[in-house]
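Student: no FASTA, just this:
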């Protein structure tokens, strides 16, 4: 049966997102990576969908080529949202650069891995991290794989959410 499940699900949230729609996203996300389609490009709806487990968010009128690209990237383990939504998600989760002792499993990370976690939580891309730490992008990816393995995570969004849970808006952990 697992072979018959899709790797990415496109889910139309319908005209007015509600708790039932968010519960459906959560259930679908347990089966496959889910991209939510919505009637409007609404940041708040996108953030709610991501919190419910979606790996992507697109307005219903997204051009087919862009939607195809979203599916490809989500299938490869990336998150697909516009930059504006990612910024809002980070703000809403009150992410601050943090050392990671309060992060479940954070004590297993090396000092260098904690540096990467802080940069990811601040929204830095792999190229930016490589440039800041004067390492190759391949080395960044190797560190990220190790971080995900040690923390039991699989995406940057999960990492950002985990770091957000270990901090509060007023306190920097560590």
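Tutor: Yep, that arrived. Remember, it's a predicted structure, so these values are computed and weren't measured experimentally.

Student: contacts and neighbour counts: CA atoms only from here.
Tutor: Fine.

Student: quick one: least confident helix or strand in this protein?
Tutor: When the helices and strands of the chain are scored by mean pLDDT, DSSP states H and E, helix 83-92 comes last with a mean of 72.

Student: got the contact list for it?
Tutor: Helix 83-92 has contacts (C-alpha atoms under 8 Å, 6 or more residues apart in numbering) with 43, 46-47, 121, 123, 160.

Student: most neighbours, which of the residues you listed?
Tutor: The most crowded member of those, judged by other C-alpha atoms under 10 Å, is residue 46 (26 neighbours).

Student: next, the buried residues of the helix or strand just after the least confident helix or strand of the chain.
Tutor: The helix or strand immediately downstream of helix 83-92 is helix 111-121, counting by DSSP states H and E. Neighbour counts using 16 or more other C-alpha atoms under 10 Å place 113-121 of helix 111-121 among the buried residues.

Student: what's the closest of those to residue 146?
Tutor: Nearest to residue 146 among the buried residues of helix 111-121, counting by C-alpha to C-alpha, is residue 113 at 8.2 Å.

Student: ok now the helix or strand hosting residue 24, how far from the chain's centre?
Tutor: For residue 24, the element it lies in under DSSP H and E is helix 19-31. Relative to its chain's centre, helix 19-31 lies at 16 Å (C-alpha atoms, centre = their mean, to the nearest Å).

Student: try stretch 142-158
Tutor: So, by C-alpha atoms, centre = their mean, the centroid of stretch 142-158 is 11 Å from its chain's centroid.

Student: list the contacts of the spatially most central residue of the chain.
Tutor: Nearest residue to the geometric centre of the chain (C-alpha atoms, centre = their mean): residue 157, 2.0 Å. By C-alpha under 8 Å, 6+ apart, the contact set of residue 157 is residue 79.
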